[in-house]
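Enquirer: sequence first, predicted coordinates after that:
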Amino acid sequence: MSVFGIEALCFYRLEEAEHARRERVSAARFDHMADLECLLTLPVGMAVPLQLLDRSERRAVRGLPAGAADCDRKDVIRRAVRPLQVDLAVVRASTWRQGLERAGRFAPFCRRAMLLDRRPAHLDEILVEADFYGIGVFLASGSDVELLLEPEDYMPLRHTAAAWWFVENLYQRVRSASAG
C-alpha cells in the first residue's frame, strides 16, 4: 500500500468480531479525523448519558457515521473499535538512509523495517543506527530475504485519531481487495 507517498508492505491481523459487526450493520467508512476523535472520547460498549456531553459533543455524536455508535434521545454507546491490528510495515529502500527516513514515518502506527536491495558498506554502523530508531533491517539477495536486525516492538504512547485513521485506511484497502 502507499501511505504518505511511500510504498510499504503491511502485515496485519483482522479483528474478526469488529469486521463481522461492521458487515452486519452495514457500517459506513470511519475516515474523518473529527469522527475518530469523537469516538476516542467515548468508552466502548457503555452507555454515556447525552446530558453529560456539551452541545458540540452531542452534535459530534449525532453526526457519527452509521455503525460507529448507537445513539437515542438519552444515551450514546460506542460500538466501533479498530478493525485490524497492524503488526509491521516494511519499506523497500535503495539506501539505508532512505530506508530509515521512509520506515520512520510509520513510527506512530506500528513496528517498522526496511528492506535493502544490497549489502551496504559499514553494515555494523548502519545496524547500530537502525537499532537506535527501532527499525528492523532486511536484506534481499536473489530470491531470499535475510533478517539482519529485528524491528523493535511497537508500544503506542497513547491512542490517537491519526493512528486509528491509519488503520481505517488500510482496512478499506483490505476490504476493497477482498471484494474485487
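Expert: Cool, the structure landed. Numbers count the residues shown, from 1 in each chain.

Enquirer: C-alpha only now, for contacts and for neighbours.
Expert: Will do.

Enquirer: could you pull out the strands for this structure?
Expert: 2-3, 6-14, 47-49, 69-71, 75-78, 84-93, 111-116, 136-141, 144-149 (DSSP state E).

Enquirer: count of neighbours near residue 43?
Expert: The number of residues packed near residue 43 is 13, by other C-alpha atoms under 10 Å.

Enquirer: for the closest residue to it other than its chain neighbours, give me its contacts.
Expert: Setting aside the residues directly before and after it, residue 43 is nearest to residue 78 in space (C-alpha to C-alpha, 6 or more residues apart in numbering), at 6.4 Å. The contact partners of residue 78, taken as C-alpha atoms under 8 Å, 6 or more residues apart in numbering, are 39, 42, 43, 44, 45, 46, 47, 68, 69, 70.

Enquirer: circling back: the strands of the chain: lowest mean pLDDT?
Expert: Of all these, strand 2-3 carries the lowest average pLDDT, namely a mean of 79.

Enquirer: what ranges of the chain fall below the confidence cut-off?
Expert: Along the chain, the model assigns pLDDT under 70 to residues 180.

Enquirer: where along it do the helices fall?
Expert: Assigned by DSSP state H, the helices in the chain fall at 16-24, 33-40, 55-62, 96-104, 123-133, 161-179.

Enquirer: adding mean neighbour count and distance to residue 153, write those helices out as JSON lines.
Expert: Shown next, in JSON lines, are these (neighbours: other C-alpha atoms under 10 Å; distance: least, C-alpha to C-alpha, whole Å):
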{"stretch": "helix 16-24", "mean neighbour count": "14", "distance to residue 153": "23"}
{"stretch": "helix 33-40", "mean neighbour count": "18", "distance to residue 153": "24"}
{"stretch": "helix 55-62", "mean neighbour count": "14", "distance to residue 153": "34"}
{"stretch": "helix 96-104", "mean neighbour count": "20", "distance to residue 153": "14"}
{"stretch": "helix 123-133", "mean neighbour count": "14", "distance to residue 153": "11"}
{"stretch": "helix 161-179", "mean neighbour count": "16", "distance to residue 153": "16"}
